[in-house]
Structure formats: structure tokens, C-alpha cells
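Peer 1: for reference, the sequence and a predicted model appear below.
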Amino acid sequence: MSTTTTTTVTINNDVINKLKESLLDVNQPIAKRFRALFTLRNLNCIESINAMTEALSDKSALLRHEIAYCLGQMENEHALKVLVSLVENTQEHPMVRHEAAEALGAIGSQLALDTLKVYSKDTVPEVSETCQLALSRVEWYTINDPESIESKVYLSVDPAPSLNKSVPFEEVRKQFLNRDLDIFNRYRALFSLRDMGDEKSVLALCESFLEPSSSLLKHEVAFVLGQIQHKSAIEPLKKVLLDENENAMVRHEAAEALGAIASTETVPLLEQLVKDKEPIVSESCLIALDVTDYFNNTEEFQYADGIKILLEKNLIEKQQQQQQQENK
Amino acid sequence: MSDDELKVEEYQQAGSGASHTYPVQCSSLRKGGFVVIKGFPCKVVEMSTSKTGKHGHAKVNITAIDIFTGKKYEEICPSTHNIDVPNVSRAEYIVVDVTDDGFLSLMDSDGAMKEDLKCPDDDLGAQIQKMIGEGKEVSIGVLSALGNEGVVTVKEAPKGN
């Protein structure tokens, strides 16, 4: 069978349930569970949101935070309630609460403003800063129009809009590194540097790793370095990942950015840090290794391959054949 | 002095190597465009883009056919990676004759002769032989890419040209 053969799969509750089983299956490698999660995210419907929500009781903070991130990227108000409860739960891991607050900003609903206002004074800096950022973002988009798809370099829903393209590099760099500036305006410069994406912009982004700046800012820098996939970021990211005194959230993004850059020279380091005592870092390295493998595998097309796996196991076909018989 | 420099440049362009291909980002390829797959110059017949993961990166699946042999190739690569596009040029010639050793004797629109292209051993070659045998004026389309040339179309030339 040639790989160009396309199979049309009707997405129904049964398919969603099987993807959910794969996401919830603690006996599966974490990387496989992440692939199931992204498959559900890409389906972007109420049923897939409900399935993802069920996995929020998992013991992996990394998985819970990724679910919150995905719920924000889907920009569906159906996820508001669960995201609000994550932000409000002070027993929850700060990284998960941060991601839920950011997701509320991404969805941009006025309904979440009260929660964001309350927790913009949270004692955990990652949470309070994210809430401030989300409030600024919502406010920005009530005044300004959303960017057109054509003008966007990356399709992610970002926590702050890039600056106007006419702002010259030196000015953007200065704004980004200005520690007296509020987080929203530093983030705007951060995303402008990402959009520029050349070596000097990458190096300007990496400069923030050296200052005692906020963990939130550093983690976002590490994330966008994974989007840019520029090789000059490899060494600075390795340093961040190896620094055991660094916030786990920053080390996690550094690991996954290295995974996205997908240089095979990084593999030994990622393999070594799979043994890190911080589970967030260790699991991130497993995800990063899987992503590196995916990018370097010339046979593999889909990363979010949950449906492909169900087809290979004949789990979907059987069910749809049965349905056809029932219809007769 | 400047004339000499110009000559060198022209020579490099016509020569082998450097200018046979140029790189583009995979995501900018389009159906109907050219691409080099497994070292062969191809035309893209099908393109699809994968769904994304965390950082939003996708892969593209390219199906393309060799412009000379019609053989089908497939390639999967990250959409942000570069892929080579061949410089493909097309020329029309009148077939003056087919020589005994199987070469085409061709004339371009300026009347210059070209005699280094073999008559293909496929259907197109047979068609040329047949039409020449019948005393017809034959016009052919020749593509060149990656240092190779091949006949891609054969038609009867309008008389009196």
C-alpha cells in the first residue's frame, strides 16, 4: 500500500473515546500519550475538549500543563470553566496554573477577566505575571484588530502580539532586554525577535538567559527558540537544560526546544537528562527525543498520529464496518 | 576587463554544478512546480501538509513525477527545511534528420544546429522516426534540467516556417 492512499475516517464519539484511552493509558510511554493529546487538539471539537479535560487528574504535571496549553490554543470557550478551576486551585503545580491562565488569555473571553484579576496578585510569580499578561492581551485585542493569517510568521496563538514590523532590530532588542518594562511589552519585543528569526535575533533572545530575569520570560524565550529552530540556540539551550538551579519550567522548554531543533548531536544530552530527578525535566527529555526522532525520520508524516495508530490496529475500521452493517 | 568578467559568468552559468538547482523552503512548493527528489528533476503532482505538534511545525508530503521518465517519487520533509528546485529550461527545435547512429539533428529558431541529443527509445522517439519517414516537418519540445536533456513533446510543425 502506497503512503499516498488516503483513508477517510469519520470522527465520532467512538474515535474520540479511543484517543482518550490512549491519552489516559499510564502504561504507554509519555511521548505516545502526548501524540494522542495533539491528535485530540487538532480535532478541535467539544468532545475532544471533554476527553482532554478527563486527563487533568493525571499524576504528570507536564501532561496536565500541556493539556492546559492545548485548550488555550484551541480558542474554544467550552474550556473556560475547567481552565478557571485550574488557575483557582492553589494546590495545583504552578506550571499548570500558569498555562491555564495563559490559555484564558488566548481564548480572550471577557468571562475570565475576574479570575485573571484576582490571581494577578497571586504569590507565585509565574502565575501572577501570567495573569497580568493575559489581562493586557485581552485588553489589547479589544482595542486592536487581530493579525491577519498572512501577516503571521507562526500560527501559534501567542500571549502577546509582535511589535509593528517597522520597529528596527536594535530598538526591539533594547525593549526586550529592558528589565524596567512590564512583562507584556517585553513579550511583544520577544515575539518580534522570534518573527525576525535570524542569528542576531536568536542571540538577543538568548541574552535573557544570562540575566536574573523572570522565569516566565525565560521559559517563553526557550519556547520560541524551538519555533525558530536556529542552530545557534543549541548551546545556550543546553546550558539552561543542564542548570539544576534553573526553574523546571524553563528547563522543560529548553529540552523541548532542543527536540524541535532536532539536531542529532543533542540526543546524548537528552538521553542523559531522562534520568534527571525532576520529573518535569525528565519527561520533557523523553518528549524531545521523540520529536527529534520524528523530524529526522523521512518516512513519518504525522506527529499527531493517534488516528493512524487506531487504523493500524484496525480499531476504527472494525467499528465503522460494524456501523455500516447496522445501517443495512 | 569587464567583458572578460562577463564571459566567465556566462561560462559558469552554462557549465556544470552550481546553478543547476536553487534551494527553497519546502512549504513554498506548489502543485505543478519543479523539485529535485532523490536526485531526479521532478514536477510536483500532489502536496499535503501534516497537522502540527507543540511548536506548530508541520511536515509536507510531496508526490512528484520525473520530468524525463515519468517515474513517481515521494518525499516527506519538515516544511521549514530547504529542498532543491531544478532550473528547468525548455526549448523548441525543428528535427532536420535522425542520424544513422541515433542522434537527432536539430535546428533552433535562429537556425543554429544542435546534434548532441539522442533520439529517445520510447514512444516519442518512435513517433519522431515515423513522422520524419513520412516526410513531415517535426517540431519537438526539449527540457533541460540537472545537466540532462530530454524530449518531452513531439508535434507536426506548421508548414512554411
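Peer 2: That came through fine. What you see is a predicted model, and the numbers here were worked out from it, not measured in a lab. Residues are numbered from 1 along each chain as shown, chains lettered A, B, ... in the order given.
Peer 1: please tell me how far the residue in chain B sticking out farthest from the centre sits from A:E256.
Peer 2: The outermost residue of chain B relative to its centre, with distances by CA atoms, centre = their mean, is B:K54 at 39.2 Å. B:K54 is 7 Å from A:E256, where distance means CB to CB, to the nearest Å. C-beta coordinates here come from the backbone N, C-alpha and C atoms, glycine included.
Peer 1: shared neighbours of the two, anything?
Peer 2: Counting by CB atoms under 8 Å, 6 or more residues apart in numbering or on different chains, the common neighbours of B:K54 and A:E256 are A:226, A:291.
Peer 1: I'd like to know how many residues surround A:A61.
Peer 2: Counted with other CB atoms under 10 Å in any protein chain shown, the neighbours of A:A61 add up to 19.
Peer 1: spatially nearest residue to it (excluding sequence neighbours)?
Peer 2: Spatially, and ignoring its direct neighbours in sequence, A:A61 is nearest to A:H93 (4.1 Å; CB to CB, 6 or more residues apart in numbering or on different chains).
Peer 1: need the contact list for that neighbour.
Peer 2: A:61, A:64-65 are the contacts of A:H93 under CB under 8 Å, 6+ apart.
Peer 1: who touches stretch B:148-156?
Peer 2: Applying CB under 8 Å, 6+ apart, the contact partners of stretch B:148-156 are B:41, B:67-68, B:90, B:104, B:117, B:119-120, B:124-125, B:127-128, B:131, B:136-144.
Peer 1: mind checking which of the residues you listed land in helices?
Peer 2: B:124-125, B:127-128, B:131 (DSSP state H).
Peer 1: could you pull up phi and psi at B:M113?
Peer 2: Main-chain torsions, B:M113, degrees, to the nearest 10: phi -90, psi 150.
Peer 1: what residues are up against it?
Peer 2: When contacts are taken as CB under 8 Å, 6+ apart, B:M113 is in contact with B:96, B:105-107.
Peer 1: what separates it from A:A31, distance-wise?
Peer 2: Distance, B:M113 to A:A31, using CB to CB: 63 Å.
Peer 1: also A:F209?
Peer 2: From A:F209 to A:A31 the distance is 26 Å (CB to CB).
Peer 1: more neighbours: the two, which one.
Peer 2: In this view A:F209 and A:A31 are compared by other CB under 10 Å, and A:F209 has more residues nearby, 21 against 17.
Peer 1: thought that one was touching A:K238?
Peer 2: No: look at A:F209 against A:K238 with CB atoms under 8 Å: they stay out of range, at 10.9 Å.
Peer 1: ok, whichever residue of the stretch 1-150 of chain A sits closest to chain B - contacts?
Peer 2: Among the residues of the stretch 1-150 of chain A, A:N42 lies closest to chain B, at 4.3 Å counting by CB to the nearest CB. Contacts for A:N42 (CB under 8 Å, 6+ apart) come out as A:304, B:51-52.
Peer 1: give me that answer again for 7 Å
Peer 2: A:304, B:51 (CB atoms under 7 Å, 6 or more residues apart in numbering or on different chains).
Peer 1: mind checking if stretch A:17-28 is in reach of chain B?
Peer 2: No: using CB under 7 Å from any CB of the partner chain, we find that stretch A:17-28 stays clear of chain B, coming within 13.0 Å at best.
Peer 1: how distant is that stretch from the center of its chain?
Peer 2: Chain-centre distance of stretch A:17-28: 20 Å, with CA atoms, centre = their mean, to the nearest Å.
Peer 1: where does the chain have low pLDDT?
Peer 2: Reading this off chain A. A:1-6, A:317-328 (pLDDT under 70).
Peer 1: oops, chain B please
Peer 2: In chain B, residues with pLDDT under 70: B:1-18, B:159-161.
Peer 1: break it into its domains for me.
Peer 2: B:21-86, B:88-156 (the TED database).
Peer 1: kindly indicate which of the ones in helices among the contacts of stretch B:148-156 lies nearest chain A.
Peer 2: B:L124 (26.9 Å).
Peer 1: any idea how many residues pack against the closest one?
Peer 2: Burial of B:L124 is recorded as 17 neighbouring residues (other CB under 10 Å).
Peer 1: now do the same contact list for it.
Peer 2: So B:L124 contacts B:151, B:154 (CB under 7 Å, 6+ apart).
Peer 1: using CSV, list the CA coordinates for stretch B:83-91.
Peer 2: Extracted in CSV, the C-alpha atoms of stretch B:83-91 (Å, rounded to 0.1, in the frame of the first residue of the first chain):
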residue,chain,number,x,y,z
ILE,B,83,14.7,21.5,-0.7
ASP,B,84,16.3,21.9,-4.1
VAL,B,85,14.4,23.1,-7.1
PRO,B,86,16.0,22.4,-10.5
ASN,B,87,16.5,25.2,-13.0
VAL,B,88,14.4,23.8,-15.9
SER,B,89,14.6,25.3,-19.3
ARG,B,90,12.5,24.5,-22.3
ALA,B,91,13.4,24.9,-26.0
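Peer 1: tell me which residues of it come out buried.
Peer 2: B:83-86, B:88 (16 or more other CB atoms under 10 Å in any protein chain shown).
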